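> Any chance you can model this:
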Amino acid sequence: RVINPAYPEGVMLAILLMNVFAPLIDHYVIEANIKKRRRRVKG
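Numbers count the residues shown, from 1 in each chain. Now for the predicted structure:
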């Protein structure tokens, strides 16, 4: 049972948390890519 109709607020909480953490994840992924590119250009 993947979807439990008794806890719609659990789904809302998961969506809210991902909306909070998605920009942070994007920021760190972009920073890592910039660092990789700098190393590749220098080397």
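> Could you point out which residue ranges in this protein have low pLDDT?
1-4, 6 (pLDDT under 70).
> any idea where the helices of it begin and end?
8-42 (DSSP state H).
> Tell me how far the spatially most central residue of it lies from residue 13.
The chain has residue 22 as the residue nearest its centroid, 3.5 Å off, counting by C-alpha atoms, centre = their mean. Residue 22 is 15 Å from residue 13, where distance means C-beta to C-beta, to the nearest Å. C-beta: built from backbone N, CA, C; applies to glycine.
> what does residue 42 give?
44 Å.
> Of these two, which one has the most company?
Per other C-beta atoms under 10 Å, whichever of residue 42 and residue 13 has more neighbours is residue 13, with 11 against 6.
> List the contacts of the more buried one.
The contact partners of residue 13, taken as C-beta atoms under 8 Å, 6 or more residues apart in numbering, number zero.
> From residue 20, how far out is it?
Counting by C-beta to C-beta, the gap from residue 13 to residue 20 is 11 Å.
> What is the burial count for residue 32?
Quick note: residue 32 (other C-beta under 10 Å) scores 10 neighbours.
> what's the answer for the one 4 residues further on, then?
Number of residues near residue 36 (other C-beta under 10 Å) recorded here: 10.
> Next one: it from residue 13, what distance?
Counting by C-beta to C-beta - residue 36 and residue 13 are separated by 34 Å.
> Residue 25 too?
18 Å.
> Check residue 5 too.
15 Å.
> what does residue 33 give?
Distance from residue 33 to residue 13, by C-beta to C-beta: 30 Å.
> same question, residue 40
Counting by C-beta to C-beta, the gap from residue 40 to residue 13 is 40 Å.
> Kindly report the same for residue 30.
27 Å.
> ditto for residue 37
Residue 37 is 36 Å from residue 13, by C-beta to C-beta.
> Over to residue 32?
Taking C-beta to C-beta, one finds residue 32 at 28 Å from residue 13.
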